[in-house]
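A.B. asks: I would like to see how this sequence folds:
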Amino acid sequence: MSFLTDFQRCAVQSAQILLENAGLSPQDLDSFSSSSSSSSSPSPPSPPSSTLPILCPASPSTRNAPLAVAGARYIPPPARPFTAEDLTQGRHRVTRKTSAHAIVEHPIGAIVEYPQTGHHVGESIAHIFHVDPSSFTPSLHPKSSFQYSLGDGHDGQIIGQCLMLRDTSRQPVSCTKLRTSCKPFIHCPSGLKICSGRQHAEISSHHFTNISEVLAHHPSAVQPLRGPANTADQELSEKTLAFFVALSAQYLDSLSFDTSSEADLRIGCVRSSRQSVKKKCNGKLVMQFDAYNQPFIRCSLHSRTARSHLFIRNLQESDTRYLQALLDDDRRIITECEQLAKSQGYGPLMPCSFVTSPSSQKQVCPHWHRQADSTLKQGVLRKWAHNCTASFDIYVPEDIVACPQILVLCTNPHSHPPPMPVKTPPPLIDIFHGLISLMKWKLADATPRRIYLDTAFVEGLHQVLDWKFPGGRDAMLQDLHPSFANLDHVRRLINVMRSTTYPSGTGFEGACCLANEHASLPLEQRYVRCAETHVIEHGVELKLVVCMTSRMSSHLVQAKRLSIDTSFKRAQGWQEFEIESWDTEHCRSVVSARAFTTSQSAKAHLILFQRIFDIASADTGLPFSFRHIHGFGCEIVVADSHKGQGLGLGMYCMQLSRSISTPCTYEPHRRLCDLSPYDHLRCFYRLCVAHFKRNVHALRTYVSDEVYSAMLSLATCEEHPDIQRTLNTIRRGGPKAAAWLKDKLEGTKFALPALYQPMSLIPLALWKASPSTTNGNEQAHRNAYREGVHLTLLAGIMKGMKFDQGATSSMDVHATFGVSTRDQEATQVYRATRCIVRQSMNLILNIEHN
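C.D. replies: This is a model prediction of the structure:
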């Protein structure tokens, strides 16, 4: 078939596919032709729309790919000039006044991004696109895939008849005509922006269709104006200039080099990143050398007492001679260095070759250029001004079913370089949206990089591309279309799909919508129980989302020893609060409640505990109880030293017992309704020893060994022989130790009783039976972090739901079949063994470190 043209080869391949789909072979054509020749019946009319030309595969894999993917791989054949017979028969006529010089037909599903235009002024090429009338929509119009930006005339007008488009009875059809032209700078996809530092703008033209020709003729593909890259001299020169530019942009008033003798480069004081206004100081930026001939840059006002002024010592990656000349505005040395760079094909004196698409948000060139007045500035990106003469006449039949064809008449060549394929054809956008819809709820937190971690998306991409792992390489979105290589473009497409799937967003409003949906589900299927806004002290708003199933509620009500903790990395702008306990039946840690909040105050925690315990009571029909109040229920709560958590829980207990006048179990001489929040906490609240030791360890370098040991000794259930002596030792241990003790006694009033059991009212047996750390919460947070961190709120909720439902399912399997999540169950012996091993390893590490 090497003697066939591209158009003929495409036709043969299309015919082979038609025969295969019909269960026929090429040999069947002989018998069909002989039988048809013996028949005297008239020739049948044109085939119905169901047998219109289909897409010719560009490769064998295209046969298994979706139509849009095969359409993207379609290589349009060159236009066929009309023969003398065609001209005689009038087949080149589009209307009575308009005609074409050549014609090319494109099968159903073909995506043509660069339709061939006339090679000369006045020459027209007729493109006939076959379409499927059953699935045709305006977004699938052939012109939607053009990389060119079409200008005026989008309304269209009705013409009498289009002579080139005919129905099944071979009669011309009435069409809507759209006349438009190539407007390179009206819309994003077409044309170019060039730098003002470019010496000249070459005017080129093109008329071709093949994407390989497009790439070959684009300015970025031709020989660059700059010299070879990555030489050591060029790298050093560019890094030096970049450092000076960055320094100037951060600290100097401008980059203009004033020729007056009073010109100084001014530097601003080093400021905090949170400051919105940048103050300038009167110091001059100077470069000097120390006694060891090591260069440094400093503000002239920098001194031992004014250390906020700039001081930079690490200049190992800069050309110090060139850098000092730039700082001192030494014209002679600057000119010498930059002329030398220009002679080697780089530097700010070189003409700029930077070009970009108008879709780019850039307003200035990324390169810096030396202007005629010796100033150093970025080039301004300007439009590549020209008047493109290419025009498009588009004819769409009024009855697309009777004539499933669209005619695009392209006249005159383009008078500019071809645009790069930065626009994704709509059929491929639909495929991409279909792929990310396979992610389901994970779409809430999808990013251009994170989508590749989703198995459903990757497998869908493999199936769409019919991927065969050439060279062992995995499929990427740019294999679908080059425009997907732009991650910002992919992010925008993801956002479009996300806003459609989640019209309320993926933040708090989306959580409210999800809570309303779950409220209508059966009780055992609910997870997001509330999404509320509360006004707390000083008008501050608390946003609260509580997530728990009825099974989690049951576990919470039955638990006797709880641990609570808050994570700050799970969802952006939110804190994730967890209540955890140990399930002795299943030998595993269980999260009994999960919530997302925006405040850590005591009032916020009071509302948080109220909502969690109310939901648990409503689910189980049992009130949440505390042993010191009701005689049964929760015995111990372990937490870190966060004051808001502890005080909020104490306030909840005070609210719970305000109508109970019976004596306290641990202090019979006091009524429960008279207890303060701190009195309640003395009856059941403990602090995590691991957090306590970590905080004390941070003070070790500020206190003596005796004071350090005294501080650590407070976390115990054994009574000190003289507790006041221990406190006095800490109090006299220096300002750091004294401040630390004052916080434990006065600031966080519940801290010392929660560490030192003799000061607590918790019975010794209950104290020793409870866990001494919140390691269960820390492990739960770690498990959650494996699913992702810094998520959107909706994604954090959904990932938490998946994890909690999986934990419940694992416990059901363990209860039914006895299958544990690990080979060795976490029995008391196993946990004690691991504890001893960890302590031994820590001891060894500490010895080696010291």
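A.B. asks: only C-alpha atoms for contact and neighbour calcs from this point on.
C.D. replies: Fine.
A.B. asks: the strands in the stretch 501-650 of the chain, which residues?
C.D. replies: Under the criterion DSSP state E, counting those that start in this stretch, strands of the stretch 501-650 of the chain are mapped to 528-535, 541-547, 561-567, 575-583, 588-597, 636-639.
A.B. asks: Likewise for the stretch 251-400 of the chain?
C.D. replies: 266-268, 280-289, 295-299, 311-312, 355-356, 364-370, 376-383, 391-397.
A.B. asks: Export those to TSV and append columns for mean pLDDT, distance to residue 795 and mean neighbour count.
C.D. replies: TSV is the format used below for the strands of the stretch 251-400 of the chain (pLDDT from 0 to 100; distance: least, C-alpha to C-alpha, whole Å; neighbours: other C-alpha atoms under 10 Å):
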stretch	mean pLDDT	distance to residue 795	mean neighbour count
strand 266-268	36	43	23
strand 280-289	81	44	16
strand 295-299	90	47	19
strand 311-312	88	43	14
strand 355-356	72	36	20
strand 364-370	84	37	19
strand 376-383	81	40	19
strand 391-397	92	45	23
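A.B. asks: Which among these is found nearest to residue 86?
C.D. replies: Nearest to residue 86, of all the strands of the stretch 251-400 of the chain, is strand 391-397, at 20.7 Å by C-alpha to C-alpha.
A.B. asks: so what secondary structure elements neighbour the closest one?
C.D. replies: strand 172-181, strand 405-411 (3 or more C-alpha pairs under 8 Å, 6 or more residues apart in numbering; DSSP states H and E).
A.B. asks: Compute the first-to-last residue distance for stretch 68-80.
C.D. replies: End-to-end distance of stretch 68-80 (C-alpha to C-alpha, to the nearest Å): 25 Å.
A.B. asks: Output the strands of the stretch 251-400 of the chain in CSV; the columns should cover distance to residue 469.
C.D. replies: What follows is those, written out as CSV (distance: least, C-alpha to C-alpha, whole Å):
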stretch, distance to residue 469
strand 266-268, 55
strand 280-289, 56
strand 295-299, 53
strand 311-312, 50
strand 355-356, 33
strand 364-370, 37
strand 376-383, 41
strand 391-397, 40
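A.B. asks: ok, back up a step: so which of the strands of the stretch 501-650 of the chain is the most packed in?
C.D. replies: strand 636-639 (a mean of 26; mean count of other C-alpha atoms under 10 Å).
A.B. asks: Let me see the mean pLDDT of that one.
C.D. replies: In this model, strand 636-639 has an average pLDDT of 96.
A.B. asks: could I have that strand exported to CSV, CA atoms only?
C.D. replies: Taking C-alpha atoms only, strand 636-639 is exported to CSV below (Å, rounded to 0.1, in the frame of the first residue of the first chain):
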residue,chain,number,x,y,z
ILE,A,636,-10.7,8.6,83.6
VAL,A,637,-10.1,11.0,80.8
VAL,A,638,-6.4,11.4,79.6
ALA,A,639,-5.4,14.5,77.7
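A.B. asks: Could you tell me which strands sit next to that strand in the sheet, and their orientation?
C.D. replies: strand 561-567 (parallel), strand 685-687 (parallel) (DSSP bridges).
A.B. asks: Run the chain-centre distance for that strand.
C.D. replies: 38 Å (C-alpha atoms, centre = their mean, to the nearest Å).
A.B. asks: where are the low-confidence patches of this protein?
C.D. replies: 1-65, 151-156, 158, 183-192, 199-230, 250-281, 357-361, 384-386, 849-850 (pLDDT under 70).
A.B. asks: Any buried residues in stretch 691-707, and which?
C.D. replies: For stretch 691-707, a neighbour-count test (16 or more other C-alpha atoms under 10 Å) marks 691-692, 696, 703, 707 as buried.
A.B. asks: and if you look at stretch 713-723?
C.D. replies: Across stretch 713-723, burial judged by 16+ other C-alpha under 10 Å covers 713-715, 717, 723.
A.B. asks: Next up, the contacts around residue 595.
C.D. replies: Residue 595 is in contact with 544-547, 576-578, counting by C-alpha atoms under 8 Å, 6 or more residues apart in numbering.
A.B. asks: between those, which is closest to residue 448?
C.D. replies: residue 576 (25.7 Å).
A.B. asks: contact partners of the biggest helix by length in the chain?
C.D. replies: When the chain is parsed with DSSP state H, its longest helix is helix 793-817. Identification of contacts with helix 793-817 by C-alpha under 8 Å, 6+ apart yields 441-442, 444-445, 506-508, 510-511, 527-528, 547, 551, 570-572, 574, 586, 590-591, 784, 787, 819-821.
A.B. asks: in the following helix or strand past that helix, what counts as buried?
C.D. replies: Per DSSP states H and E, helix 793-817 leads on to helix 828-849 as the next helix or strand towards the C-terminus. Across helix 828-849, burial judged by 16+ other C-alpha under 10 Å covers no residue at all.
A.B. asks: Off-centre distance for helix 828-849?
C.D. replies: For helix 828-849, the distance to the chain centre is 40 Å (C-alpha atoms, centre = their mean).
A.B. asks: Also stretch 720-736?
C.D. replies: 52 Å.
A.B. asks: next one: stretch 82-90
C.D. replies: 57 Å.
A.B. asks: So what touches that stretch?
C.D. replies: The contact list for stretch 82-90 (C-alpha under 8 Å, 6+ apart) reads 91-92, 101-103.
A.B. asks: quick one: the longest helix of the chain to strand 588-597, angle?
C.D. replies: Helix 793-817 runs at 160 degrees relative to strand 588-597, counting by axes from the mean of the first three to the mean of the last three C-alpha atoms, to 10 degrees.
A.B. asks: in helix 793-817, what counts as buried?
C.D. replies: Using 16+ other C-alpha under 10 Å as the test for burial, helix 793-817 gives 793-801, 803-805, 807-808, 810-811, 814.
A.B. asks: In TSV, list the buried residues of stretch 713-723 along with distance to residue 603.
C.D. replies: Output for the buried residues of stretch 713-723, formatted as TSV (distance: C-alpha to C-alpha, whole Å):
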residue	distance to residue 603
713	32
714	29
715	28
717	31
723	33
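A.B. asks: which SS state does the residue nearest to the spatial centre of the chain fall under?
C.D. replies: Centroid-nearest residue in the chain, with C-alpha atoms, centre = their mean: residue 447, separated by 3.1 Å. Taking DSSP: H, G, I helix; E, B strand; the rest coil as the rule, one finds residue 447 in the coil state.
A.B. asks: I figured it hits residue 489, correct?
C.D. replies: No - using C-alpha atoms under 8 Å, residue 447 is not in contact with residue 489; the gap is 11.2 Å.
A.B. asks: Centre of the chain to stretch 167-183, how far?
C.D. replies: Distance of stretch 167-183 from the chain centroid (C-alpha atoms, centre = their mean) equals 44 Å.
A.B. asks: whoops, stretch 581-588 was the one
C.D. replies: On C-alpha atoms, centre = their mean, the centre of stretch 581-588 falls 37 Å from that of its chain.
A.B. asks: Need the residues that contact that stretch.
C.D. replies: So stretch 581-588 is contacted by 559, 561-563, 589-592, 776, 811, 814-815, 820, 825-827 (C-alpha under 8 Å, 6+ apart).
A.B. asks: Start and end of it, how far apart?
C.D. replies: 9 Å.
A.B. asks: Same check on stretch 477-496?
C.D. replies: 17 Å.
A.B. asks: Any buried residues in that stretch, and which?
C.D. replies: Buried residues in stretch 477-496, counted by 16+ other C-alpha under 10 Å: 477, 480-481, 483-485, 489-491, 493-495.
A.B. asks: TSV please, covering the strands of the stretch 501-650 of the chain and showing distance to residue 148.
C.D. replies: Listed next are those as TSV, based on distance: least, C-alpha to C-alpha, whole Å:
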stretch	distance to residue 148
strand 528-535	48
strand 541-547	48
strand 561-567	50
strand 575-583	48
strand 588-597	48
strand 636-639	63
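A.B. asks: Would you map the strands across the stretch 51-200 of the chain?
C.D. replies: So, for the stretch 51-200 of the chain - with DSSP E, counting those that start in this stretch - the strands run 80-81, 102-106, 124-130, 157-166, 172-181, 193-195.
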